[in-house]
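A.B. asks: I would like to see how this sequence folds:
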Amino acid sequence: MANFVDSNDNSTIYMVTEDTDEDAEHSYSETFKAVSISILLLLTVFIIGVNSLVILAFAGNHIPRTKSNFYMLLLAIADVCVGFVLPINVISIAVDSLANNTTFCMFETAVTIGVLSSSTCCILALTIDRLEALRKALEYSSDMSLRMYFERSAFVLFFPCVLCLILPFAWHNDLQDTPVKACYTLYILKRKFCSYVFLPMIFIIFTAVALTYIPILKIALRHSRSIHSMDAEVNADTANRNRHMKHQLRILKTATMVLLPFFGGWMPWIFTAASVIYNPDEYANPGMPFNISQFISYPGVLNSGINPFIYAARLPEYRQAFKKLLGCKPPQPTGPTNCPNN
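C.D. replies: This is a model prediction of the structure:
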């Protein structure tokens, strides 16, 4: 997505040059710095901490190394990278000179939109995997080979690296040539890049995910009816097939729960950004949409720390792995799970 954290931080609303009276009105206040830095540091610790559990669970073989779990791993890695990018935004807020530095802003923007775009591609890959698992329920194999690790990593990382890390460095503005005179994603990047590459790429991925879910839901309903019809049968084959379908449907529901907050967190920012980019007057004279966009990206950033809770709530293998990593003892017959307080 973008330097969306940055859009809240180092662009709020640092719009004019230092020699004007207006600049004093729009420069960062000490209160704004304190609040923004506190929020970002809390998000950093939260996002890195919870997503590290997913990474450690996969690396330590605490969860099965399946295709779905691998995509969840890649999503966790992308979200951890979001956490590591947030301190760059903190530095940008704390040091006023960096907010007006084109090179620093371009680095900050490229890295941020790269890691957030990777999250989007992981969501798409997980959705496609769910469609494949439901369409070919009996033939689908969740096993991973070494070749698959490389192929699926390349699928998730190629577009973010090319379109969001490399291309922007060759296609950006000087901050002093922009209306805001400070680091903001929609202004440090060339307007044509945002109009024809960046925003369309996001819309295409989001649309692809939404359209993929149409056949997924149809197949899921059909499988659900099949499960109910097979409940009366008791032979081993139908029992195994029933169990397999239920497992795939549970993963589908988990993927859906991951998808909904992701859409809910980022779509408001996307539409607001589009209202700025595709409106020449609004782009040249930032107004209400620009101001709104600076305050609606925090839910999207917070979303990077939600997924592990969804995994723990929906998937027993993740719940058990997290308990083990956190040092929780197995449940005792006479009492609840005993976890250390620290």
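A.B. asks: distance check, Gly287 against Val156.
C.D. replies: 37 Å (Cβ to Cβ, to the nearest Å). For glycine as for every other residue, the C-beta is placed from the backbone atoms N, C-alpha and C.
A.B. asks: who's more crowded, those two?
C.D. replies: The residue with more neighbours, out of Gly287 and Val156, is Val156; 26 against 11, by other Cβ atoms under 10 Å.
A.B. asks: host element of that one?
C.D. replies: Following DSSP states H and E, one finds Val156 within helix 146-159.
A.B. asks: got it, and Phe84?
C.D. replies: Using DSSP H and E, Phe84 sits in helix 67-94.
A.B. asks: quick one, that helix and helix 146-159 angle?
C.D. replies: 30 degrees (axes from the mean of the first three to the mean of the last three Cα atoms, to 10 degrees).
A.B. asks: in the next helix or strand after helix 67-94, which residues are buried?
C.D. replies: On the C-terminal side of helix 67-94, the nearest following helix or strand under DSSP H and E is helix 96-99. Of all the residues in helix 96-99, those buried under the rule 16 or more other Cβ atoms under 10 Å are 98-99.
A.B. asks: identify all contacting residues around the helix holding Val156.
C.D. replies: 67, 70-71, 74, 78, 117-118, 121-122, 125, 201 (Cβ atoms under 8 Å, 6 or more residues apart in numbering).
A.B. asks: contacts only, for the spatially most central residue of the chain.
C.D. replies: Nearest residue to the geometric centre of the chain (Cα atoms, centre = their mean): Ser119, 4.0 Å. Residues counted as contacts of Ser119 (Cβ under 8 Å, 6+ apart) are 1, 75, 78-79, 82, 262, 304.
A.B. asks: for whichever strand or helix holds it, what does the pLDDT average out to?
C.D. replies: Using DSSP H and E, the element containing Ser119 is helix 102-135. Helix 102-135 shows a mean pLDDT of 86.
A.B. asks: only the buried residues of that helix, if you could.
C.D. replies: For helix 102-135, by 16+ other Cβ under 10 Å, it's 102, 104-106, 108-131, 133-134.
A.B. asks: equivalent analysis for stretch 56-71, please.
C.D. replies: By 16+ other Cβ under 10 Å, the buried positions in stretch 56-71 come out as 57-58, 62-63, 66-71.
A.B. asks: what sits closest to Thr254 if chain neighbours are left out?
C.D. replies: Arg314 (4.1 Å; Cβ to Cβ, 6 or more residues apart in numbering).
A.B. asks: and the angle for whichever helix or strand Ala210 is part of with helix 146-159?
C.D. replies: In the assignment (DSSP H and E), Ala210 maps to helix 199-230. Helix 199-230 and helix 146-159 are oriented at 140 degrees to each other (the same axes, to 10 degrees).
A.B. asks: helix 199-230 to helix 102-135, inter-axis angle?
C.D. replies: Going by the same axes, to 10 degrees, helix 199-230 makes 20 degrees with helix 102-135.
A.B. asks: so which other helices or strands are in contact with helix 199-230?
C.D. replies: Judged by 3 or more Cβ pairs under 8 Å, 6 or more residues apart in numbering; DSSP states H and E, the packing partners of helix 199-230 are helix 102-135, helix 236-277.
A.B. asks: pipe those into JSON lines and attach distance to Asp174 per row.
C.D. replies: Below are those laid out as JSON lines (distance: least, Cβ to Cβ, whole Å):
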{"stretch": "helix 102-135", "distance to Asp174": "5"}
{"stretch": "helix 236-277", "distance to Asp174": "18"}
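A.B. asks: mind checking which of the ones you listed is nearest Arg319?
C.D. replies: Proximity to Arg319 (Cβ to Cβ) singles out helix 236-277 among these, at 11.7 Å.
A.B. asks: ok, now how distant is Ser195 from Ile55?
C.D. replies: Distance from Ser195 to Ile55, by Cβ to Cβ: 36 Å.
A.B. asks: who's in contact with the residue nearest to Asp79 when sequence neighbours are not counted?
C.D. replies: In space, and not counting its chain neighbours, Asp79 is closest to Ser304: 4.0 Å by Cβ to Cβ, 6+ apart. For Ser304, the contact set (Cβ under 8 Å, 6+ apart) comprises 47, 51, 79, 82-83, 119.
A.B. asks: now do 7 Å
C.D. replies: 47, 79, 82, 119 (Cβ atoms under 7 Å, 6 or more residues apart in numbering).
A.B. asks: how many other residues sit next to the nearest residue to Ser195 once chain neighbours are set aside?
C.D. replies: Of all residues not flanking Ser195 in the chain, Ile277 sits nearest, at 5.6 Å (Cβ to Cβ, 6+ apart). Ile277 has 21 neighbours, counted by other Cβ under 10 Å.
A.B. asks: Ile277 and Phe193 touch, don't they?
C.D. replies: No - applying Cβ atoms under 7 Å, one finds Ile277 not in contact with Phe193, separated by 9.8 Å.
A.B. asks: ok, now how distant is Ser293 from Trp269?
C.D. replies: 6 Å.
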